[in-house]
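[1] Test case, fold it:
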Amino acid sequence: MRYSVDSALAKRIREQGRCERSGMITVWYLTDISYRFSPVVSKKQGSAPERNRVKRIIRELMRAGEGAFPNGSYLIVCYGACGSLTREELSGALHAIMEKNGAGAHSDPRGTEEHQ
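    Predicted coordinates:
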């Protein structure tokens, strides 16, 4: 994938990056010249289809936010019963974290403005 974070970069993000949390989502962020991200959902969070659904939604939200979110490398880690979260709840939590990082002033990465 063109947006993926490899394991060496993921380790560097965890060691040197900043961390923000909103609800069941934690975002580790490291300033970089490129825009890369990887969703992380552990096997504790449910069955493979549930985990893949969450990862698919996060990837979609992050791709949609490419112009709005600052360049950098992101690890989006889901905790708790994240498999039960709706797209809107995941989007809200991710948007809240990006607001803390100063990305929310550019546009709404949730894409809800288009659907209303």
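[2] Can you tell me who the residue nearest the centre of the chain pairs with across the strands?
    In the chain, the residue lying closest to the centroid (CA atoms, centre = their mean) is Ile76, at 4.0 Å. Beta bridges link Ile76 to Val27, Pro39, judged by DSSP bridges.
[3] pretty sure it contacts Tyr29?
    No - between Ile76 and Tyr29 there is no contact under CB atoms under 8 Å: 9.6 Å. No exception for glycine: its C-beta is placed from N, CA and C like everyone else's.
[4] Name the single longest helix found in the protein.
    helix 48-64 (DSSP state H).
[5] Which strands and helices lie in contact with it?
    Packed against helix 48-64 by the contact rule (3 or more CB pairs under 8 Å, 6 or more residues apart in numbering; DSSP states H and E) you find strand 35-41, strand 72-78, helix 87-100.
[6] can we see that at 10 Å?
    On a contact count with 3 or more CB pairs under 10 Å, 6 or more residues apart in numbering; DSSP states H and E, helix 48-64 meets strand 25-31, strand 35-41, strand 72-78, helix 87-100.
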